[in-house]
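Chemist: I'll drop the sequence and a predicted model, then ask my questions.
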Amino acid sequence: MKHIYSITNGIALGSAGIVMMSVLSGCESSRQQEQQNKFLVIEQQANGKYIVVEEMPTEGPSRAIIREIDENGNRIERFMSEDEMRAVAQQEYLKTQDGTSETLSSGDSSAGMGLAGTILAVAAGSLLGNMIGNALMNNKNFASKSSAVNKSAYSRSAAGQAARSGTSTKKSFFGGTSTASSSTKSTYGS
């Protein structure tokens, strides 16, 4: 009887440990999502507008390489630090507040936007905070412009994962995942 009691205690302690690790890792992963900084490569098009050609999550500060065309028609690259990106995004965000930002217009955005609009559209959450990023993404025009200026493979991959129809992935309490199909088959009377 004493042996069974010690096994039961061991199972209870082991289960409690697994639950605690699961809770702690869940807190850590949500903290990482909130702090996801970006490394961007933004390229100026022939029409003078900008699009994102590369995007990667980074553990360091957000930063960008801006590829532009100089007055002689040569392509040059310059570096933009997180502070510079934040200042440009903040100025464009102020324009969204008074309705003058190109990120809110309903015009064609497939040709790109200005540099400030492009940075705000792609990195608002990581530069200005998730609350501002989420508030902007709730605007239909902003959301469509944001996805139109981001031509990076990372963005297409993330959008593809989110839009997969018919399946949903759920994370279990203990950290595993399960995939469920939304199509159901029912037979009545057979």
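Modeler: Cool, got the structure.
Chemist: number of residues surrounding Arg78?
Modeler: 10 (other C-beta atoms under 10 Å). Quick note: C-beta positions are derived from backbone N, CA and C, even for glycine.
Chemist: same thing with Asn74?
Modeler: 8.
Chemist: any idea which element Ala148 lies in?
Modeler: Using DSSP states H and E, Ala148 maps to helix 140-149.
Chemist: excluding chain neighbours, what is closest to Val88?
Modeler: Residue nearest to Val88 in three dimensions, not counting chain neighbours: Ala116, with 4.7 Å by C-beta to C-beta, 6 or more residues apart in numbering.
Chemist: same deal with Lys49?
Modeler: Per C-beta to C-beta, 6+ apart, closest to Lys49 is Gly112, 3.0 Å.
Chemist: counting neighbours, what do you get for the one you found?
Modeler: Look at Gly112: counted by other C-beta under 10 Å, it has 23 neighbours.
Chemist: show me the contacts for it.
Modeler: By C-beta atoms under 8 Å, 6 or more residues apart in numbering, the residues touching Gly112 are Gln45, Asn47, Lys49, Tyr50, Ile51, Thr118, Val149.
Chemist: among the residues you listed, name the buried ones.
Modeler: Buried subset of the contacts of Gly112 (neighbour count, 16 or more other C-beta atoms under 10 Å): Lys49, Tyr50, Ile51, Thr118, Val149.
Chemist: nearest to Asp98, of the residues you listed?
Modeler: Thr118 (19.6 Å; C-beta to C-beta).
Chemist: which strands and helices lie in contact with the helix or strand hosting the closest one?
Modeler: Using DSSP H and E, the element containing Thr118 is helix 115-128. Counting contacts by 3 or more C-beta pairs under 8 Å, 6 or more residues apart in numbering; DSSP states H and E, helix 115-128 is packed against strand 37-44, strand 50-58, helix 82-98, helix 130-137, helix 140-149.
Chemist: nearest to Asn72, out of those?
Modeler: Closest approach to Asn72 among those (C-beta to C-beta): strand 37-44, 14.1 Å.
Chemist: so what are the domain limits for this structure?
Modeler: 1-34, 35-158 (automatic domain parsing).
Chemist: most tightly packed of those domains?
Modeler: domain 35-158 (a mean of 17; mean count of other C-beta atoms under 10 Å).
Chemist: avg pLDDT for it?
Modeler: Domain 35-158 shows a mean pLDDT of 88.
Chemist: hang on, Ala64 packs against Ile42?
Modeler: Yes. Counting by C-beta atoms under 8 Å, Ala64 does reach Ile42; the two are 5.6 Å apart.
Chemist: give me the common contacts of the two.
Modeler: With C-beta under 8 Å, 6+ apart as the test, Ala64 and Ile42 both reach Ile119.
Chemist: could you list every residue that touches the closest residue to Pro61 other than its chain neighbours?
Modeler: Nearest in space to Pro61, with sequence neighbours left out and distances taken as C-beta to C-beta, 6+ apart, is Glu82 at 4.1 Å. Glu82 makes contact with Asn37, Pro61, Ser62, Arg63, Leu127 under the criterion C-beta under 8 Å, 6+ apart.
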